[in-house]
Structures are given as C-alpha cells and as structure tokens.
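Undergrad: the following comprises the amino acid sequence and a computationally predicted model.
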Protein chains: 2
Amino acid sequence: MSRTLLHLDSSILGASSASRLLSSHVVDQLGQKLPAVRVTYRDLAAQPIPHLSGPYVAATRGNLAMPLDATLRDDLALGEAVLQEFLAADIVVIGVAFYNFSIASQLKAWIDRIAVAGRTFRYTQSGAEGLSGNKHVFLAIARGGVYGAGSPRHAMEHAETYLRSAFSFIGITQLDVVSAEGLNMGDAAHRSVTIAQAQARIDQTVAALQA
Amino acid sequence: MSRTLLHLDSSILGASSASRLLSSHVVDQLGQKLPAVRVTYRDLAAQPIPHLSGPYVAATRGNLAMPLDATLRDDLALGEAVLQEFLAADIVVIGVAFYNFSIASQLKAWIDRIAVAGRTFRYTQSGAEGLSGNKHVFLAIARGGVYGAGSPRHAMEHAETYLRSAFSFIGITQLDVVSAEGLNMGDAAHRSVTIAQAQARIDQTVAALQA
C-alpha cells in the first residue's frame, strides 16, 4: 500500500542544522523500509506561515464581518493547503529546532493552522475528541543545551512536552521522539558524535516499526 | 521616581479579548499607584514581529556572510527597538492569549527578539546568568478552558510554565501572574464574572506591591 509522508523542517539554520540532519535521516530510513512512500516536503523556515490572525480565525469559523481582501484570501488558501497536507499524511516527520526553551514560532504557526475545530478535533458532551486519524508522528529534536529527563533544566523544556500535548489533543496516539542535545556544549567532534548517536536511535526506532 | 512601563498585548481577538481587558486593568491599577509612570504600548497582533530568521541571528552575532538587504535591515532595526524597549522598562505587563496550549506565535517571536546572549543573558563558567536587571513582570493570561493547578489538563498548559522558564532564564525574579480561565465554558455572564474575579485579583496584587 502506498503511503504519504509529510516532512517538515523548522530550523532557521539551513543545511548546518542538526534537526534537519535528523529529520532527513528519519525520512531516508522510512523510505527504505516503505519503498512506495510518497514524500511531501515543507520548509517552515524558508516559506514561513504567517502568524494566526483574528480575521483568519473569523473566516474559518464563518464569522467574518469584513470583505475578504487578497492577503486574507491567500492566507486562507495557505492554511487550507497546510491542513490538507497534514490530513492526507499517514506519517509526519518534523525536524524540531529548540529556540529559547520551546519550538520555533514558525512551527507554532503551523500548529495553529492544523489544530482546527471540526477538522482535527471536536468537543463532545464527554470532552474533546481528536480527529486526525491513524497517523504516525516522528519528532526529531535538536537542542543546544541538555534538558533530558533527570537533568537540572528538564522543567524548562517546552518543545517536546508542548508537542506531545498538542498532538495528543488532536488524536495522535503514535508518536516517536528522537532528540540530540548538548549540541552547543562541546567541539565539532562532540557534535558529530551526538548527531550520529541520535541517527543510530532513529535506525532502531524505524527498524522496530511494523511495516 | 519616574518609572517606565512596557505594555504588550498578544491576543488576535481585538477589543473583545479577555487578556487585553486584563492587561489594561493591570496598567490602569499600576498607573494609579505609580502616578509618574510612563507607558509604552506595543500590540504584537496589530504589528506582528516576523518570525526569527537565520540571517537575522547571523547578523546579530556579527556572522552574516551576505550583504544586508532592506528587509533584513528593517528587521534588525525592529529587533533592536523591541530589545531596547524591554531593557528600558522597569515594569512589563503582558496580555497573554492562550492558543492551542501555548502562547501566540506573535509572543514567541517577541521572546526570540529579547532573549539575546550578551544583552539579557550570558553564559559564565558556572552556568547562565540573567542580565535583564531589576524589572517586575506581570502576566495577564486568559484561557478558554481550565488548566490550573490540580485540573486534569494542568500538564497541557504551556503558556504560564513556558513564560516562567523564559523570564527566569534572562534574570527576571519578580513575576506576578493573574489568569482568567474557563472563559469559553459557559455563557456571557459566566465570562463576565470570571473576568471581574481576575480583575479583583489584579487589584489585590497591585495593592500588595511596594511602591
């Protein structure tokens, strides 16, 4: 069966970004395991999604009092395209840069376009229900410092914890996370070893998946 | 002594926003308590700060390989103005909207402009040191759902927890938080009462401050 993989990157550091190296490694490994996979790529740094606006939210809810101008029309088309890409994907791989203790604002802007009532979640009498369907999400996170479980700064980590909350809310139950951290706390050799170790964990994670 | 107050809003919902009502109530109360206070206002929704970019970071670190174009020059000027506003403030009041379990991407973009090595923090032999000086920060948070301590969704709250981490890192030791929550979980009367209760807590918080 052919599957669709949505690959996103959010680092602003271009080719030297560790999260980009890791997310592309996930995509390569999945491509070898699932040869018929179709990959869609979106670079959230190169083509940033604008911040969510009041008129955008009003229009998506059918409450817009003003006429649509060209900027808003383009923004609505972009938001719908981003949402459709997410809904169509069987697998989502995200390169997650860690800036100032959380995700890039570019990635938050993407989350704000895909967390849409009636499309990826809804409220019912018994609470909220996720509607994202049967997807597998991989997060490839790169951090300059050390924030892992048991470290002194663990409580300051608001990227992995945040994304777990957001994806759980919209109904994602299959979520794998591989992180490389402490990348700015040594020399280039230390950085290379840390990235290689994360890539080896990616290999193990992908190998353990049921095809 | 005259003091400078920086007032920020981040809600995209305009005049009907609860976080805007609360942040302006904080500013009004502080204005009565400290009559000589000078207020600077920045609306992060009306005049959004662009997402952080790779060339911006390179330029602020003196590492830019490419020539400055007009867009980047404007963005650098904006970032420096935003940072200067923050550094000049004795008091910072932020209206914090809660979207998809965290802050607006507009507010993250602001944080990314003020968390600057050598300006608001630095790394030393013994760790990180905040450089923001002796400021008082007030967060006025509005949430549609309920995420307070002890509630089932408390662990999904990534706005207050995030901002506490980020401001602590840059050296803010005086932080007050007033939240109104569950604002979308009842009718208009429930919402008005919830906001009035939060305003009363603001009055108490401001009254308890040393002038």
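TA: Arrived safely.

Undergrad: for the rest of this, base every contact and every neighbour count on C-alpha atoms.
TA: Will do.

Undergrad: avg pLDDT for stretch A:190-209?
TA: Stretch A:190-209 carries an average pLDDT of 96.

Undergrad: an error on my part: the question was meant for stretch A:13-25.
TA: For stretch A:13-25, mean pLDDT rounds to 95.

Undergrad: wait, isn't A:Lys108 in contact with B:Ser105?
TA: Yes. The criterion here is CA atoms under 8 Å, and A:Lys108 meets it with B:Ser105 at 5.7 Å.

Undergrad: who's more crowded, those two?
TA: Set A:Lys108 next to B:Ser105 and count neighbours by other CA atoms under 10 Å in any protein chain shown: B:Ser105 wins out with 30 against 25.

Undergrad: could you pick out the residues of chain A near chain B for me?
TA: Residues of chain A found near chain B (CA under 8 Å from any CA of the partner chain) are A:12-14, A:45, A:48, A:51-54, A:99-102, A:104-106, A:108-109, A:111-112, A:115, A:156, A:158, A:162, A:165-166.

Undergrad: for ChimeraX, what selects the buried ones among the residues you listed?
TA: To isolate the buried ones among these in ChimeraX, judged by 16 or more other CA atoms under 10 Å in any protein chain shown, type:
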select /A:12,13,14,45,48,51,52,53,99,100,101,102,104,105,106,108,109,111,112,115,156,158,162,165,166
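
Undergrad: which neighbours does the longest strand anywhere in chain A have in its sheet, and in what orientation?
TA: Identified as the longest strand of chain A according to DSSP state E is strand A:91-99. Strand pairing for strand A:91-99, using DSSP bridges, gives strand A:4-9 (parallel), strand A:102-103 (antiparallel), strand A:136-142 (parallel).

Undergrad: looking at those strands, which is closest to B:Gly95?
TA: Smallest distance to B:Gly95 across the strands paired with strand A:91-99 (CA to CA): 19.3 Å, for strand A:102-103.

Undergrad: for the helix or strand following that closest one, list the C-alpha coordinates in CSV.
TA: Next along the chain after strand A:102-103, taking DSSP states H and E as the criterion, comes helix A:105-114. In CSV, the C-alpha atoms belonging to helix A:105-114 read as follows (Å, rounded to 0.1, in the frame of the first residue of the first chain):
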residue,chain,number,x,y,z
SER,A,105,7.5,30.4,16.2
GLN,A,106,7.3,29.1,12.6
LEU,A,107,6.3,25.7,14.0
LYS,A,108,3.8,27.2,16.4
ALA,A,109,2.2,29.0,13.4
TRP,A,110,1.9,25.6,11.6
ILE,A,111,0.3,24.0,14.7
ASP,A,112,-2.2,26.9,14.8
ARG,A,113,-3.2,26.1,11.2
ILE,A,114,-3.7,22.4,11.8
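
Undergrad: buried residues in the very next helix or strand once past helix A:105-114, which are they?
TA: Per DSSP H and E, the first helix or strand lying C-terminal to helix A:105-114 is strand A:121-124. Neighbour counts using 16+ other CA under 10 Å place A:Phe121 of strand A:121-124 among the buried residues.

Undergrad: packing partners of strand A:121-124?
TA: In this structure, strand A:121-124 packs against strand A:127-130, with contacts taken as 3 or more CA pairs under 8 Å, 6 or more residues apart in numbering or on different chains; DSSP states H and E.

Undergrad: buried ones in the strand it packs on?
TA: Buried residues in strand A:127-130 (16+ other CA under 10 Å): A:Glu129, A:Gly130.

Undergrad: which helix runs longest in chain A?
TA: helix A:188-208 (DSSP state H).

Undergrad: confirm that A:Gly62 sits in a strand.
TA: No. With DSSP: H, G, I helix; E, B strand; the rest coil as the criterion, A:Gly62 is assigned coil and is not in a strand.

Undergrad: give the contact list for it.
TA: Listed by CA atoms under 8 Å, 6 or more residues apart in numbering or on different chains, A:Gly62 has no contact partners.

Undergrad: pull up the pairing partners for the helix-or-strand element of chain A with minimal mean pLDDT, direction included.
TA: For chain A, counting by mean pLDDT, DSSP states H and E, strand A:127-130 ranks last in confidence among helices and strands (a mean of 92). Using DSSP bridges, the strands paired with strand A:127-130 are strand A:121-124 (antiparallel).

Undergrad: chain center to the strand it pairs with: distance?
TA: Taking CA atoms, centre = their mean, to the nearest Å, one finds strand A:121-124 lying 22 Å from the centre of the chain it belongs to.

Undergrad: pLDDT (mean, whole number) over it?
TA: 94.

Undergrad: give me the contacts around it.
TA: A:Ala115, A:Ala117, A:Ala128, A:Glu129, A:Gly130, A:Leu131, A:Ser132, A:Phe169, A:Ile170, A:Gly171.

Undergrad: now do the fifth one against chain B, distance only.
TA: Okay, so that is A:Gly130. For A:Gly130, the distance to chain B (CA to the nearest CA, to the nearest Å) stands at 13 Å.

Undergrad: and what of the second one?
TA: Relative to chain B, A:Ala117 is positioned 11 Å away (CA to the nearest CA).

Undergrad: who touches that residue in this structure?
TA: A:Ala117 touches A:Tyr123, counting by CA under 8 Å, 6+ apart.

Undergrad: kindly report the same for the last one.
TA: Contacts for A:Gly171 were tallied using CA under 8 Å, 6+ apart; they are A:Thr120, A:Phe121, A:Glu129, A:Gly130, A:Leu131, A:Ser132, A:Gly133.
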